[in-house]
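Visitor: Test case, fold it:
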Amino acid sequence: MKISAESLAESARAATSRGLPPVHDWNPPDCGDLDIRIARDGTWFYLGTPIGRPKLVRLFSTILRKDGDRYVLVTPVEKVGITVDDAPFVAVDFEKEGETLRFVTNLGDEAVAGPSHPIRVERDPETGEPSPYILIRDRLEALIDRKSFYRLVEIGEHAQYQGERWFGLRSADVFFPIIPSAELP
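Guide: Below is the predicted model of the structure:
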């Protein structure tokens, strides 16, 4: 049987009811790779063309799983590999609610930064440019978009972290380091 985006969507619809399906419980046969790619900006492509149906992209995002270093779309009956340029989601906004930071992704997922949804920052070794991420669900991260990151930096703080001064963010009683602090003692 040849796997296509349409057949995968049909299987996903059949497996999805309310909420996220239990993809971590499914162990179907691996059917190879499908020409689906998620670009760094969060755009999903099929056969090189952007998928223009937001409901279909949302459906696919609910059956996304990360197996080792490989991203797969999984249903109870099939599993196919896809390409993810950076992170499968983009955090496009956040709200500060009391002592927490609630993020929302380009596909409507929400996560409150804290022990279950940590923030991390990778730096480009050549340019030093930061790439901030938040864990959305089970090994699936969102790249925090630039405008949100700038807003986060505005509310950041200097604090002791593992014996050193760091500039970072606090949410749900957790401090997330961004960069060693340049603040004088």
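Visitor: use CA for all of it now, contacts and neighbours both
Guide: Will do.
Visitor: Which positions in the helix or strand S148 falls within come out as buried?
Guide: Taking DSSP states H and E as the criterion, S148 maps to helix 146-155. Using 16 or more other CA atoms under 10 Å as the test for burial, helix 146-155 gives 148-149, 152.
Visitor: and if you look at stretch 27-43?
Guide: By 16+ other CA under 10 Å, the buried positions in stretch 27-43 come out as 34, 36-40, 42-43.
Visitor: okay, those residues in TSV with pLDDT and distance to R70 next?
Guide: Formatted as TSV, the buried residues of stretch 27-43 follow (pLDDT from 0 to 100; distance: CA to CA, whole Å):
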residue	pLDDT	distance to R70
L34	95	12
I36	97	13
R37	98	12
I38	98	13
A39	98	15
R40	97	16
G42	97	17
T43	98	18
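Visitor: Looking at the residues you listed, which is nearest D124?
Guide: R40 (14.9 Å; CA to CA).
Visitor: Enumerate every residue touching the closest one.
Guide: Contacts for R40 (CA atoms under 8 Å, 6 or more residues apart in numbering) come out as 84-88.
Visitor: if you set the cut-off to 6 Å instead, what comes out?
Guide: Applying CA atoms under 6 Å, 6 or more residues apart in numbering to R40 gives the contacts 85-86.
Visitor: ok, now how distant is it from L34?
Guide: Separation of R40 from L34 (CA to CA, to the nearest Å): 18 Å.
Visitor: Check W44 too.
Guide: 12 Å.
Visitor: Equivalent analysis for E126, please.
Guide: Taking CA to CA, one finds E126 at 33 Å from L34.
Visitor: same deal with Y150?
Guide: Going from Y150 to L34 by CA to CA gives 36 Å.
Visitor: can you give me the helices for the chain?
Guide: Using DSSP state H, the helices found in the chain span residues 5-15, 54-62, 146-155.
Visitor: Other residues contacting stretch 135-155?
Guide: Applying CA under 6 Å, 6+ apart, the contact partners of stretch 135-155 are 87, 89-93, 111, 117-118, 132-134.
Visitor: Would you mind checking the average pLDDT for that stretch?
Guide: The pLDDT scores in stretch 135-155 average 96.
Visitor: That stretch: how far from the chain's middle?
Guide: Here the centre of stretch 135-155 is set off from its chain's centre by 9 Å, with CA atoms, centre = their mean, to the nearest Å.
Visitor: repeat for stretch 37-48
Guide: Distance of stretch 37-48 from the chain centroid (CA atoms, centre = their mean) equals 14 Å.
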